[in-house]
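1. I would like to see how this sequence folds:
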Amino acid sequence: MNFFDCTFEDEDKGAFLNQGNFKLNVSKFRTIIKDAVSSPELIMGIRPEDLSIYDKSASKNSVPITVEAFEPLGSESIVDARVAGSLIRIITPPTYQTRVGVKKYVEFNLNKLHVFDKKTEKAII
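-> Take a look at the predicted model:
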């Protein structure tokens with residue numbers, strides 16, 4: 001699982017998980033998060049198979065990455081990438097191709113996002 005420290009921001013224009021270098025719009029989970037947190041400090045987690053990689057920004061939730069390693073395994077390929085100072089792992093289809101050093105974008109499948117209260121370590125989503 002890829003983990004990021006973040007803060008919950010509840011604004012007029014939506015609810016966001018702010019990692020510091022990127023923000024994810026989580027407005028559809030606003031009430032769930034608001035009602036469950038002990039503080040705005042959270043941890044978001046996403047499994048490698050729940051990330052999608054693109055050549056260009058696909059939406060406002062697209063996060064820029066730099067490919068650090070690429071490993072084709074036959075049934076799937078693994079991309080290790082740097083995002084906001086952290087190393088993340090992305091699982092891609094076996095036909096996916098990339099090179100080390102290439103700039104890409106990653107999208108989080110928000111329906112598979114995990115959110116934890118940083119103080120209590122309680123799972124929120």
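2. contacting residues for the nearest residue to residue 55 once chain neighbours are set aside?
-> Nearest residue to residue 55, sequence neighbours excluded (Cβ to Cβ, 6 or more residues apart in numbering): residue 104, at 6.3 Å. Every C-beta, even on glycine, is put in place using the N, C-alpha and C of the backbone. Counting by Cβ atoms under 8 Å, 6 or more residues apart in numbering, residue 104 makes contact with 53-55, 64-67, 81, 98.
3. rerun at 7 Å
-> For residue 104, the contacting residues are 53-55, 65, 67, 98, by Cβ atoms under 7 Å, 6 or more residues apart in numbering.
4. tell me if it really is in a strand.
-> Yes. Using DSSP: H, G, I helix; E, B strand; the rest coil, the secondary structure at residue 104 is a strand.
5. mind checking how far it is from residue 77?
-> Distance, residue 104 to residue 77, by Cβ to Cβ, to the nearest Å: 13 Å.
6. just residue 96 next, same as before
-> The gap separating residue 96 from residue 77 is 5 Å, by Cβ to Cβ.
7. what about residue 116, how many residues nearby?
-> Residues lying near residue 116 (other Cβ atoms under 10 Å) number 17.
8. what's near enough to touch it?
-> Applying Cβ under 7 Å, 6+ apart, the residues contacting residue 116 are 42-43, 45, 122-124.
9. that one is in what secondary structure piece?
-> Using DSSP states H and E, residue 116 sits in strand 114-117.
10. and that strand, what's its mean pLDDT?
-> The pLDDT scores in strand 114-117 average 97.
11. in this protein, what residue sits furthest out from the centroid?
-> The outermost residue of the chain relative to its centre, with distances by Cα atoms, centre = their mean, is residue 74 at 24.9 Å.
12. and the helices in this structure?
-> All helices of the chain, identified by DSSP state H, fall at 30-36.
13. which non-adjacent residue is nearest the most centrally placed residue in it?
-> Among the residues of the chain, residue 108 comes closest to the average C-alpha position under Cα atoms, centre = their mean, at 4.8 Å. Nearest non-adjacent residue to residue 108, counting by Cβ to Cβ, 6+ apart: residue 46, 5.4 Å away.
14. same check on residue 66?
-> Residue 66 sits nearest to residue 82 (Cβ to Cβ, 6+ apart), 4.7 Å away.
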